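S.K.: Quick one, structure for this:
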Amino acid sequence: FQEAMPRNGDKSGSAAAVGFDYCNQLFAIEEELKELTPEERKGKRQERSKPVLEAYWSWLKTINPLQGSKLGEAVTYALNQKDALETFLEDGRIEISNNRAENAIRPFVVGRKAWLFADTKKGATASAIVYSIVETAKANNLNVYRYLTHVFSKMPGMDFKSDPSLLQDLLPWSSK
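M.R.: Residues are numbered from 1 along each chain as shown. I've put the predicted structure just below:
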């Protein structure tokens, strides 16, 4: 919606500005709820964010943008992603935006063209796994080097293929 707003003149009356405002309202609510527990956040989202989202969906149905326009792209994207965009209402642990995940994988996406081992499907899969582990460790405030050293020193002595539950203690969010 931001890209669809008029470049000059009054932006406040445009449909793009209205859509942008709905998004800003949802993000403002999230900012206010960030210190709550996941259970409390879920309850407040149902109380505060859900009505805004319902009004947003109703408003989107009234928009008739030019096909191929930036506004048309924004409206089509939102309507096509409705289920995914509502997921954050179902669980207080889910973030409203995937920006943090996208920022975490950006170095991988930018660098993959330069990395020879990503020329194969297996290489790309291995790279994605490593990045996922590293970024998940970072997201859990772990020292990545120490975490990987710990994991790689413990795994060879574990029979996790027979008992996959043994891996639970090695996951980045494990208290152990």
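S.K.: which SS class is Tyr147?
M.R.: Of the three states, Tyr147 takes helix under DSSP: H, G, I helix; E, B strand; the rest coil.
S.K.: got a pLDDT number for it?
M.R.: For Tyr147, the pLDDT comes out at 93.
S.K.: what's the closest residue to it other than its chain neighbours in contact with, if anything?
M.R.: What sits nearest to Tyr147 in space, not counting adjacent residues and going by C-beta to C-beta, 6 or more residues apart in numbering, is Ala137, at 4.6 Å. Heads up, the C-betas are built off the backbone N, CA and C, glycines and all. Contacts were defined as C-beta atoms under 8 Å, 6 or more residues apart in numbering; by that measure Ala137 touches Val144, Tyr147, Leu148, Pro172.
S.K.: Which residue, other than its chain neighbours, is closest to the last one?
M.R.: This means Pro172. The nearest residue in space to Pro172 (C-beta to C-beta, 6+ apart) is Asn140, at 4.2 Å.
S.K.: Can you tell me how far the one you found is from Ser175?
M.R.: Look at Asn140 and Ser175: by C-beta to C-beta, to the nearest Å, they are 11 Å apart.
S.K.: between the two, who's got more neighbours?
M.R.: Asn140 (12 against 4; other C-beta atoms under 10 Å).
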